[in-house]
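**Q** pasted the sequence and its predicted model underneath.
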Amino acid sequence: MDQIYLNGSFLPRSEAQIPIMDRGFLFGDGVYELIPVFNKKVFLLEEHLKRLKNSLNLIQMNDIKGLDKIISTLIKKNTKNTFFIYLHITRGVQSSRNHIYSENIEPTILLMCEDYPSFSKNEIKQGFQATIQNDFRWMKSNIKSISLLGNVLLKNYASNNECYETLLMRDNRLTEGSTSNVFIVKDEIIYTPKLSNELLPGVTRGLLIKLLGQNNLKVIESDISQSDLINADEVWCSSSTNSVVPIIKVDNSIINDGKTGKISIKIYEIAQDFISDF
Ligand code: PDD
């Protein structure tokens, strides 16, 4: 897991260095992706690269070519079969600290392999707790920005309260989790917040919507109020690190008598099968 890619070279992680004048370090001026690799195969690469291109475009940076080649070399250089590629692009190094960026700097490109343990089937069957907070982040959460202070504070709030996730409300609308998208089930119909500038267009979210449809389960992308959320029959979070994480308690509200719902387990199994067959 030690070989990383930085600006044209593959080198050991311990030898990689970033100049202090990098705009990513000084301003959080950059974007990222986290891409699963299962059994040496990159999972949904096209979807991740498409989202990256969109994030770059939204911060007025040009698309980066050749990332697929770098990814396949990195996979070959690493001994592990299953891990995540963390891909981080900043606007680059500028000679002085200036909010106004220079047009002619080269982006900093970093790719490294990270381990994020996935939950066991038993843990998934048991379910997890979540807590609700006001979504105080900026209004461009559709950009996969490396400026993650809001998400960091909100995820730590969950962790400090023995929860898996903090579910975020803005104007009585559920946006997403601090590191995941959210689905609820009511009367056998599945709902998830519609895409907007307030949430990340999760690659797993897109995959689950497709798989649910293929399995004749109805999904509606719509606004979800706090009351819809706490009165739901089922709730789950989705992300590349854990495709489906059932939530059985949101603050003091018990979901489905504290048991993981059958649709949550079904879509978890469908997603696991899709990953194994990939
Ligand atoms: N984050 N929303 C937020 C705020 C996220 O940080 C993530 C994932 C998602 C789910 O997106 P996807 O299905 O494409 O992974 C939604 C990753 C796991 C991270 O930052 O490490």
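**A** Good, I have the coordinates.
**Q** got the contact list for Thr90?
**A** Asp22, Arg23, Gly24, Phe25, Asp29, Gly30, Pro107, Thr108, Ile146 (Cβ atoms under 8 Å, 6 or more residues apart in numbering). C-beta: built from backbone N, CA, C; applies to glycine.
**Q** run the last query once more with 6 Å
**A** Asp22, Arg23, Gly24, Asp29, Gly30, Thr108 (Cβ atoms under 6 Å, 6 or more residues apart in numbering).
**Q** surely the first one meets Arg91?
**A** This points to Asp22. No - counting by Cβ atoms under 6 Å, Asp22 stays clear of Arg91, with 8.5 Å between them.
**Q** looking only at neighbour counts, state which of those two leads.
**A** Remark: of Asp22 and Arg91, Arg91 carries more neighbours, 22 against 19, as counted by other Cβ atoms under 10 Å.
**Q** ok, the more buried one touching Val31?
**A** No - with contact defined as Cβ under 6 Å, Arg91 does not reach Val31; the gap is 9.5 Å.
**Q** whichever residue of the stretch 1-150 of the chain sits closest to the ligand: which element?
**A** Residue nearest to the ligand within the stretch 1-150 of the chain (Cβ to the nearest ligand atom): Leu34, separated by 4.4 Å. Taking DSSP states H and E as the criterion, Leu34 maps to strand 30-38.
**Q** next one: Lys80
**A** Per DSSP H and E, there is no helix or strand for Lys80.
**Q** between the two ends of stretch 129-138, how far is it?
**A** 25 Å (Cα to Cα, to the nearest Å).
**Q** which outside residues touch it?
**A** Contacts of stretch 129-138 (Cβ under 6 Å, 6+ apart): 150, 154, 158, 161, 163, 165-170, 175, 247, 249-251.
**Q** among these, which one lies nearest to Leu44?
**A** Glu165 (21.7 Å; Cβ to Cβ).
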